[in-house]
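Visitor: sharing a sequence plus its predicted fold:
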Amino acid sequence: MAKNRNKKKKNGSTPMDTTDDNLEIPQAMDTSELAAPIPSSGALTSRLKKGVPMKRTKNIRKMKAIAKAISQNEKSVEKISKNESKKLRTKSGKLLYD
């Protein structure tokens, strides 16, 4: 069997047209200067932090642990305030009947 490597395709695509019909007119260079953006304070702190960057999973675990600690702290504060208000109510109730 012969290989058909060198045969040209009769129904194939035509070669790309490389003629340059529309010439671009050179434009004046934009020399206006833009003001440099003022970095916010958050950008400065992230830039000042140096060290080994954490992997994504470790970072996510750390963020979840922080969020959990904060929520537990808020719950304990609510519980303490609820208990204190309960004590005050019972004391005032006892004073009414004494």
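Guide: Arrived safely.
Visitor: okay, stretch 72-81 in PDB with CA atoms only?
Guide: Below are the C-alpha coordinates for stretch 72-81, written out as PDB (Å, rounded to 0.1, in the frame of the first residue of the first chain):
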ATOM      1  CA  GLN A  72     -17.700  29.700  70.900                       C
ATOM      2  CA  ASN A  73     -16.400  32.800  72.700                       C
ATOM      3  CA  GLU A  74     -19.600  34.700  71.600                       C
ATOM      4  CA  LYS A  75     -21.800  31.800  72.800                       C
ATOM      5  CA  SER A  76     -20.100  31.800  76.200                       C
ATOM      6  CA  VAL A  77     -20.500  35.600  76.600                       C
ATOM      7  CA  GLU A  78     -24.200  35.200  75.800                       C
ATOM      8  CA  LYS A  79     -24.600  32.400  78.300                       C
ATOM      9  CA  ILE A  80     -22.800  34.400  81.000                       C
ATOM     10  CA  SER A  81     -25.000  37.400  80.400                       C
END
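Visitor: got the buried residues for it?
Guide: Of the residues in stretch 72-81, none count as buried by neighbour count, 16 or more other C-beta atoms under 10 Å. Quick note: C-beta positions are derived from backbone N, CA and C, even for glycine.
Visitor: now do that stretch, average pLDDT.
Guide: Mean pLDDT, stretch 72-81: 96.
Visitor: ok, residue 88 - how many residues close by?
Guide: 10 (other C-beta atoms under 10 Å).
Visitor: whoops, I mixed them up, residue 70
Guide: The burial metric for residue 70, expressed as a neighbour count using other C-beta under 10 Å, is 10.
Visitor: and it, what element?
Guide: Element membership for residue 70, per DSSP states H and E: helix 56-97.
Visitor: which secondary structure elements does that helix contact?
Guide: Contact partners of helix 56-97 among helices and strands, from 3 or more C-beta pairs under 8 Å, 6 or more residues apart in numbering; DSSP states H and E: none.
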